[in-house]
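[1] got a structure for you, letters missing:
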């Protein structure tokens with residue numbers, strides 16, 4: 001199976017978690033099959049087996065399999081442990097072949113089971129390693145082996161027949177093992193992958209729900225103060241108007257306070273609405289000069305007097321949603337002014353290369369490494385309490401991501417910040 005780089009390690013860990021139980025079962029079945037084969041060879045073909053050495057090899061297989069079961073307790077069993085167990089099986093099988101007939105032993109086909117499992121579970125490199133190790137080990141038993149010995153002399157001349165019958169039995173056993181275990185293991189891997197995909201989707205939904213709750217909490221927090229002020233001003237205005245001698249100046253003052261707070265609520269809701277991240281169909285032929293003029297208008301005269309803008313000599317029209325782009329630039333420039341002293345200037349540099357490249361640079365307080373690492377998180381801000389939502393960089397990053405671009409920044413404490421927006425056009 002294939003996974004993308006971002007999830008490769010996680011998928012491999014889950015794959016290992018599926019493979020180990022099947023490997024343990026396979027080795028127990030192989031152990032039982034070898035015992036039954038030894039019993040059949042002794043009873044039906046009168047083969048004299050070296051019981052003590054064979055028992056040592058079979059006990060070693062059982063012991064290592066018992067140790068392997070401890071890997072079942074691990075959430076992410078190591079792939080080299082699985083590969084090591086398969087290589088150990090190559091050595092144990094080679095030892096059995098050496099003791100019982102060498103290359104004439106038909107159970108050499110069992111090598112294929114380990115190679116197949118490595119190919120399915122561990123990938124190309126492990127499969128090649130198992131194939132090379134099995135080929136070399138089987139080549140050794142051609143030269144170094146203990147010939148068949150029979151307890152009944154009448155069977156000694158039928159070695160070829162024994163080999164052919166054994167090949168049939170071994171082929172059936174190996175084919176059955178491969179067909180059953182490998183197919184079931186592949187199904188288990190697919191099921192685990194589906195579960196992993198479902199869990200990722202559930203986690204993404206939970207994150208979106210948590211973001212929604214955080215957004216609601218932020219809205220309640222930001223709107224509570226201006227709404228309270230509006231309520232108080234409205235009550236005082238009603239009292240003032242209920243008096244016959246109410247001065248118009250008092251009513252005008254309360255009216256101005258209400259208007260300002262309503263504008264503040266509107267600005268908060270405008271920021272929370274996510275309009276800066278909207279990526280409606282791109283408008284054809286948006287003029288960069290017009291966008292920057294709109295940015296200046298929204299910032300107002302006191303700030304535009306401290307704003308330096310550098311545009312290309314002959315800017316080309318771009319196909320980018322103008323309103324979201326304008327809102328993103330306004331948010332970035334306001335952040336720059338908020339981080340700067342009243343006398344410091346902010347620079348906006350626009351380059352087309354051919355994509356849109358915008359740098360917003362200030363000489364303000366800057367951010368330390370910890371602040372810079374958290375910048376862009378929703379509701380994280382370095383501004384004084386109540387001075388901002390901490391959504392400017394977050395929404396600008398969302399806009400850049402949805403447009404297929406990027407937003408990054410360079411900053412150090414006391415040396416200002418440079419925010420860089422790249423957007424394909």
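    Great, that's in hand. What you see is a predicted model; the values in this text were computed from it and never measured. Numbers count the residues shown, from 1 in each chain.

[2] Every contact and neighbour count from this point should use C-alpha atoms.
    Noted.

[3] Touching the helix or strand hosting residue 289 from outside, list them.
    Taking DSSP states H and E as the definition, one finds residue 289 inside helix 288-299. Residues from elsewhere that reach helix 288-299, judged by C-alpha atoms under 8 Å, 6 or more residues apart in numbering: 304, 311, 315-318, 322, 326-327, 329-330, 334.

[4] at 6 Å instead, please
    Residues from elsewhere that reach helix 288-299, judged by C-alpha atoms under 6 Å, 6 or more residues apart in numbering: 304, 330.

[5] after that helix, next one along is what?
    Downstream of helix 288-299 (by DSSP H and E), the next one is helix 301-304.

[6] all strands for this protein, in order.
    307-310, 346-352, 356-362, 406-411, 417-423 (DSSP state E).

[7] So which of those is nearest residue 66?
    Minimum separation from residue 66 across the strands of the chain (C-alpha to C-alpha) falls at strand 406-411, 52.1 Å.

[8] The nearest residue to residue 27 once chain neighbours are set aside: how many residues sit nearby?
    Leaving aside its sequence neighbours, residue 27 sits nearest to residue 65 (C-alpha to C-alpha, 6 or more residues apart in numbering; 6.9 Å). Residues lying near residue 65 (other C-alpha atoms under 10 Å) number 19.

[9] try residue 93
    23.

[10] quick one: it from residue 137, how far?
    9 Å (C-alpha to C-alpha, to the nearest Å).

[11] in stretch 55-64, what counts as buried?
    Residues of stretch 55-64 classed as buried: 57-58, 61-62, 64 (neighbour count, 16 or more other C-alpha atoms under 10 Å).

[12] Over to stretch 40-55?
    In stretch 40-55, counting by 16+ other C-alpha under 10 Å, buried: 41, 45-49, 54.

[13] just these: which has the poorest pLDDT?
    Within the set of the buried residues of stretch 40-55, pLDDT is lowest for residue 45 (67).

[14] Residues in contact with stretch 132-149: which ones?
    47-48, 98-99, 101-103.

[15] change it to 7 Å
    47-48, 90, 94, 97-103, 111 (C-alpha atoms under 7 Å, 6 or more residues apart in numbering).

[16] Please state the offset of it from the chain centre?
    46 Å (C-alpha atoms, centre = their mean, to the nearest Å).

[17] What of stretch 303-311?
    Worked out by C-alpha atoms, centre = their mean, stretch 303-311 lies 41 Å from the chain centre.

[18] Which parts of it count as buried, going by neighbours?
    303-304, 307.

[19] try stretch 339-357
    339-340, 345-348, 350-352, 356-357.

[20] Now do the same for residue 158: its pLDDT.
    Confidence score, pLDDT, at residue 158: 55.

[21] Walk me through the domains of this protein.
    As given by automatic domain parsing, the domain ranges for the chain are 5-204, 215-274, 277-423.

[22] follow-up on the earlier one: in TSV: the strands of the chain, plus mean pLDDT and distance to residue 396.
    Shown next, in TSV, are the strands of the chain (pLDDT from 0 to 100; distance: least, C-alpha to C-alpha, whole Å):
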stretch	mean pLDDT	distance to residue 396
strand 307-310	89	19
strand 346-352	90	15
strand 356-362	91	12
strand 406-411	88	7
strand 417-423	91	9
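
[23] Can I get the ones you listed in JSON lines including distance to residue 25?
    Shown next, in JSON lines, are the strands of the chain (distance: least, C-alpha to C-alpha, whole Å):
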{"stretch": "strand 307-310", "distance to residue 25": "70"}
{"stretch": "strand 346-352", "distance to residue 25": "62"}
{"stretch": "strand 356-362", "distance to residue 25": "59"}
{"stretch": "strand 406-411", "distance to residue 25": "50"}
{"stretch": "strand 417-423", "distance to residue 25": "54"}
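
[24] Quick one: closest of these to residue 373.
    Nearest of the strands of the chain (C-alpha to C-alpha): strand 406-411, 10.0 Å.

[25] roughly how far is that closest one from the heart of the chain?
    22 Å.

[26] And it, what's buried?
    Quick answer for strand 406-411 (16+ other C-alpha under 10 Å): 406-407, 409, 411.

[27] Ok, stretch 87-96 next?
    In stretch 87-96, counting by 16+ other C-alpha under 10 Å, buried: 87, 89-96.

[28] what does that stretch contact?
    54, 57, 111, 130, 134, 137-138.

[29] Stretch 64-73 now?
    20-21, 24, 27, 77.

[30] Okay, and which of these map to helices?
    20-21, 24, 27 (DSSP state H).

[31] want to try a markdown table for those, with neighbour count as columns?
    Shown next, in a markdown table, are those (neighbours: other C-alpha atoms under 10 Å):
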| residue | neighbour count |
| --- | --- |
| 20 | 24 |
| 21 | 15 |
| 24 | 22 |
| 27 | 19 |
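
[32] any idea which of the residues you listed is closest to residue 256?
    Using C-alpha to C-alpha, these come closest to residue 256 at residue 20, 73.0 Å.
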